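> Kindly generate the corresponding structure for this input.
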Amino acid sequence: MVRVVGAAYLIYLGVQMIRNRKGLESDVPVADGGAMSNRRAFTSGLLTNLLNPKMVTFTIAFLPQFINPQLGQVWLQFAILGTILIVLEFMVDGTVGVLAGRIGGWLRRRHAARRRIDVATGGIFIGLGVRLAVER
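Below is the predicted model of the structure:
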């Protein structure tokens, strides 16, 4: 029953995305004085990652396999590997954030591109909903 309701909801969302593609100009966020500052965005992202149980679980499961107690100073090995992980995460997440901001700005200025993306996304939702409905 849950699968059928989920499939129907996906199909509904897909149809709505395709039907409402012309009236999207009103729901496009506009950068104004109420926009989030860089510092606040960074703090929000930092807290989200630190309080995310999936991230903590991943770190606890991932790092120990690279610790070698025979090399001594286990805490230092953890600190070095943790620092490397944080630097890599910062580089990846920072790149994604910058690119998302630039692509989002580009899409806000190009309504035809947004409409095409919404039609494609709606089609994908409909396809996933149909697949979910017919799956056994």
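> Show me the contact partners of the strand or helix carrying residue 42.
Element membership of residue 42 [criterion: DSSP states H and E] is helix 38-50. The contact list for helix 38-50, computed with Cβ atoms under 8 Å, 6 or more residues apart in numbering, reads 36, 55, 89, 93, 97. In this view, the C-beta of every residue, glycine as well, is placed from N, C-alpha and C.
> could you point out which element follows that helix?
Sequence order places helix 53-62 as the next helix or strand after helix 38-50, per DSSP H and E.
> tell me what that next one is packed against?
In terms of contacts (3 or more Cβ pairs under 8 Å, 6 or more residues apart in numbering; DSSP states H and E), helix 53-62 is packed against helix 74-109.
> Show me how far the next helix or strand along the chain from the helix it packs on is from its chain's centre.
Sequence order places helix 111-134 as the next helix or strand after helix 74-109, per DSSP H and E. In terms of Cα atoms, centre = their mean, to the nearest Å, the centre of helix 111-134 is found 18 Å from the chain centre.
> Tell me what angle helix 111-134 forms with helix 74-109.
120 degrees (axes from the mean of the first three to the mean of the last three Cα atoms, to 10 degrees).
> Cool, thanks, signing off.
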